[in-house]
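coords below, sequence missing:
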């Protein structure tokens, strides 16, 4: 005896969709958390006044870029949870944009580009590590 499932006559078939193959959305932001941790660790080691000024400029421009991005998304999408999720997913891009703005600010103020390179490199490295952990969790939960 064989059982056969027939398609419905008048309505569509229902499908079950998984959110990225995972059971939670916390692991989806590990790359952002890793990037922030890496940049913070690099920022703590500022010794000279020029390095401290570079760190202040980086974080100020990062918060301005993040706030401006969230404001532009909020103008289009009134749901704050969607806006905050988009901001959390795009934080590494905001970090790279802040690094670019600090390079531009170096034309006006004397900033230490070696310190900026350490901040950007460690942020990128730890964002990549977070992305690897996130990929491992997605593979683990997808099974």
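Arrived safely, thanks for sending. Since the structure is predicted, the reported quantities are computational estimates derived from the model, not experimental observations.

now do the buried residues in the longest helix belonging to the chain.
The residue-count maximum for a helix in the chain (DSSP state H) belongs to helix 113-142. By neighbour count on 16 or more other Cβ atoms under 10 Å, the buried set for helix 113-142 is 115-116, 118-120, 122-124, 126-127, 129-131, 134, 137. All C-beta spots, glycine's among them, are computed from the backbone N, C-alpha and C.

cool, and stretch 81-91?
83, 87, 90-91.

next one, pLDDT for residue 140 please.
Looking at residue 140, its pLDDT reads 79.

residue 69 versus that one, what's the distance?
According to Cβ to Cβ, to the nearest Å, residue 140 and residue 69 sit 31 Å apart.

ditto for residue 104
According to Cβ to Cβ, residue 104 and residue 69 sit 18 Å apart.

ok, these two, which is more surrounded?
More crowded of residue 104 and residue 69, by other Cβ atoms under 10 Å: residue 69, with 18 against 9.

run the chain-centre distance for the helix or strand where residue 101 lies.
Taking DSSP states H and E as the criterion, residue 101 maps to helix 91-105. Taking Cα atoms, centre = their mean, to the nearest Å, one finds the center of helix 91-105 at 13 Å from the center of the full chain.
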